[in-house]
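>>> Build me a structure from this.
(one chain, ligands or ions: 1)
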Amino acid sequence: MERESLEMDVVFVGAGPANLSGALHLARLVAVHDEAVARGERAGEPLGEVQIAVIEKGAAVGSHILSGAVMDPRALKELIPDFVEQGAPLESPVKEDFFLYLTEKRAIRSPIMPPPLRNHGYYIVSLNKLTAWLGEQCEAAGVNIFPEFPGAEMLYDKKDAVVGVRTGDKGINKEGKRRANFEPGVDLLAKVTVLGEGPRGSLTKQLSQRLNLNDGREPQVYSLGVKELWELSDERYPAGRVTHTLGYPSDARTYGGGWIYGLQNRIVNIGYVTGLDYHDPLLDPHSEFQRFKQHPLVAQLLEGGKLLRYGAKAIAAGGFHAMPQLYADGVLLVGDCAGFLNSQRLKGIHTAIKSGMLAAETIFEALLAKDFSAKQLRRYEKLVRDSWIMPELRKVRNFHAGFRHGRWLGMANAGLQFLTGGRAWGLFDRAGAEAGHGAMKKLWEFGYKSAAIEQRYPNLKFDGKLTFNKLTDVYHASVGHDEDQPVHLHVLDTEICSTRCAEEYGNPCQRFCPAAVYEMVEDGGNGRQKLQINFSNCVHCKTCDIMDPYQIINWVTPEGGGGPEYKNM
Ligand SMILES: Cc1cc2nc3c(=O)[nH]c(=O)nc-3n(C[C@H](O)[C@H](O)[C@H](O)COP(=O)(O)OP(=O)(O)OC[C@H]3O[C@@H](n4cnc5c(N)ncnc54)[C@H](O)[C@@H]3O)c2cc1C
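From the prediction side, this is the model:
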């Protein structure tokens with residue numbers, strides 16, 4: 001097949017905060033350098049026109065971005081010191097912080113605010129809006145942004161150096177044949193390709209496997225954040241109020257917690273995080289969130305209000321111990337796909353932005369040296385190590401691992417590491433000895449006699465007022481995929497679904513997917529069930545790729561522009 005090749009200098013894959021900050025910082029470093037050389041204030045050659053591209057699989061910059069989000073502004077201040085005056089979209093400065101322990105009926109306010117949860121000086125933001133705004137700053141600085149361009153494949157030379165990325169084909173029908181509107185993907189060739197795909201990046205996965213970037217590191221562990229936006233009937237929850245909760249509805253063995261953030265115009269952003277290293281095969285993170293809303297405190301808050309939006313996304317929680325090698329020939333990894341998130345604070349925007357900036361500084365030096373080899377790009381790891389990122393991540397390096405032993409030991413460990421600067425009892429000295437899906441127990445190991453979901457959620461009813469089923473929620477994520485395209489969720493062996501998985505785990509994909517993508521349906525009346533994939537519901541959260549117990553689900557990018565259309569999330 002004839003493909004167009006486009007020669008760029010640097011290609012950033014994914015228009016998240018990490019890559020947009022990287023692209024913007026690089027464009028400015030080049031401009032400042034060239035102006036200084038022209039004025040005779042700096043020795044050396046001008047770099048001239050450096051072609052920088054950012055590709056994004058969503059329909060627009062921000063469409064696929066979902067976060068909390070309380071933002072620590074430290075990195076944004078470094079990137080754009082006057083971001084407030086420049087009109088960065090900020091919902092509200094944080095005005096009050098609450099930390100509550102929930103039992104089934106009660107909410108107990110912590111007398112002291114745990115330091116990692118203090119958000120004074122931070123901002124509540126909609127990360128969709130903030131990334132869209134960063135995209136505008138990039139375009140003003142001369143960066144080329146290509147929405148609806150999924151990076152589908154890494155391009156390598158004969159020595160396995162990355163030489164760019166191939167974008168996905170458009171106009172292939174569900175049988176894999178070309179439609180009238182067929183357009184082949186483009187080969188974007190680059191001296192350096194920067195992967196900023198967010199958690200569980202599909203290209204990052206390919207690259208790491210091929211170049212063994214995870215060798216000697218702990219496996220990454222994840223959580224899933226499920227979130228709704230509500231418009232309240234009155235001013236009962238002011239903009240700028242931040243509440244975090246622990247306890248109900250998670251059981252003591254499952255990592256989980258809730259949040260409620262007050263935005264402008266009586267809107268609250270409410271969500272629940274469940275650790276994707278849970279043991280119970282019948283657990284359903286979407287149902288956990290619905291139960292969170294049934295807590296009297298939350299139900300009262302939402303009474304009379306209206307559901308506006310829904311979304312879900314994975315969070316890379318492994319941190320320091322699970323970070324892959326961050327560079328190879330012709331490629332760098334930034335943001336969540338490289339594990340930069342601080343899981344104790346549930347904050348990754350600031351580290352994503354900073355990692356993007358450090359990648360830009362590395363590339364700038366590489367452009368000056370005209371050397372894009374791993375030897376040169378390795379400097380990125382040094383810049384990361386010497387920056388404020390590493391001390392921050394080192395201090396919380398054992399946080400998530402502590403919760404593998406349940407909530408109470410996890411909290412004790414969190415307190416201990418606060419006092420010891422990150423050290424923990426020998427027991428916790430690792431981020432997670434196994435990938436999260438490995439913690440899931442088989443039905444009988446967990447004590448179940450069958451796979452009936454009611455066993456975990458006997459009283460959960462979706463009333464359409466406070467609690468919603470997955471399909472109603474997915475409608476509020478404005479998800480759209482052209483239905484006449486190949487399924488982008490590759491299940492490598494569907495026979496396992498009807499046999500081993502049904503018996504051993506009760507087909508947990510039906511539960512861990514927060515968008516009702518996976519469904520077991522009758523297989524022609526022979527008593528068996530077969531897997532049906534409702535791929536058009538997919539919100540691109542990546543949970544299936546992470547949690548499938550046999551690791552036979554491979555999430556790949558669908559046709560460009562497909563997926564959720566998040567707004568204000
Ligand atoms: C529920 C939830 C709550 C959170 N709360 C907070 C919070 O309160 N504060 C905080 O600081 N952080 C929070 N975070 C974390 C924060 O959102 C992330 O750390 C941050 O967004 C990471 O930025 P990123 O640029 O690395 O990736 P992302 O923001 O994930 O952006 C990646 C982008 O790349 C695109 N992409 C992916 N693959 C491809 C491909 N192959 N081709 C083209 N495009 C691609 C995606 O569509 C997306 O637009 C939260 C995260 C979640 C999920």
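
>>> which regions of the chain sit below the pLDDT cut-off?
424-433 (pLDDT under 70).

>>> So for it, the centremost residue is which one?
The chain has P199 as the residue nearest its centroid, 4.0 Å off, counting by Cα atoms, centre = their mean.

>>> What separation do you get for that one and G356?
Distance, P199 to G356, by Cβ to Cβ, to the nearest Å: 16 Å. No exception for glycine: its C-beta is placed from N, CA and C like everyone else's.

>>> next one: D34
21 Å.

>>> Also E503?
Applying Cβ to Cβ to E503 and G356 gives a distance of 46 Å.

>>> Looking at those two, which one has more neighbours?
G356 (30 against 13; other Cβ atoms under 10 Å).

>>> Okay, and that one sits in which element?
Here G356, judged by DSSP states H and E, is contained in helix 349-369.

>>> Just read off the phi/psi values of the residue nearest to the centre of the chain.
Backbone torsions of P199, given as degrees, to the nearest 10, read phi -60, psi 140.

>>> Surely it and A338 touch.
No: look at P199 against A338 with Cβ atoms under 8 Å: they stay out of range, at 10.2 Å.

>>> quick one, what contacts F146?
By Cβ atoms under 8 Å, 6 or more residues apart in numbering, the residues touching F146 are A53, V54, I55, E56, T167.

>>> just to revisit the earlier point, measure the residue nearest to the centre of the chain to the ligand for me?
Counting by Cβ to the nearest ligand atom, to the nearest Å, the gap from P199 to the ligand is 6 Å.

>>> I'd like the distance between that residue and M71.
P199 is 18 Å from M71, by Cβ to Cβ.

>>> could you pick out which of the contacts of F146 are near the ligand?
I55, E56 (Cβ under 6 Å from any ligand atom).

>>> for the contacts of F146, which one is nearest Q455?
If you rank those by distance to Q455 using Cβ to Cβ, E56 comes first, at 41.4 Å.

>>> Within its local environment, how many residues does that closest one see?
29.

>>> so what's it closest to, chain neighbours aside?
A15 (3.7 Å; Cβ to Cβ, 6 or more residues apart in numbering).

>>> Touching, that neighbour and S63? I think so.
No: A15 is beyond contact range of S63, at 9.2 Å (criterion: Cβ under 8 Å).

>>> one step back: run the chain-centre distance for the helix holding G356.
20 Å (Cα atoms, centre = their mean, to the nearest Å).

>>> list the helices and strands that helix packs on?
helix 17-38, helix 74-79, strand 192-195, strand 331-333, helix 374-377, helix 379-386, helix 389-395 (3 or more Cβ pairs under 8 Å, 6 or more residues apart in numbering; DSSP states H and E).

>>> Flag every residue of the stretch 301-450 of the chain that's near the ligand.
K313, I315, G335, D336, L341, L346, K347, G348, I349, H350, A352.

>>> Could I get the phi/psi values of the second one?
The phi/psi pair for I315 (degrees, to the nearest 10) reads phi -130, psi 130.

>>> do the fourth one as well
Recorded main-chain torsions at D336 are phi -60, psi -30, according to degrees, to the nearest 10.

>>> Run a quick neighbour tally on it.
Neighbour count for D336, taken as other Cβ under 10 Å: 30.

>>> correct me, but it touches G198?
Yes: using Cβ under 8 Å, D336 is in contact with G198, at 4.8 Å.
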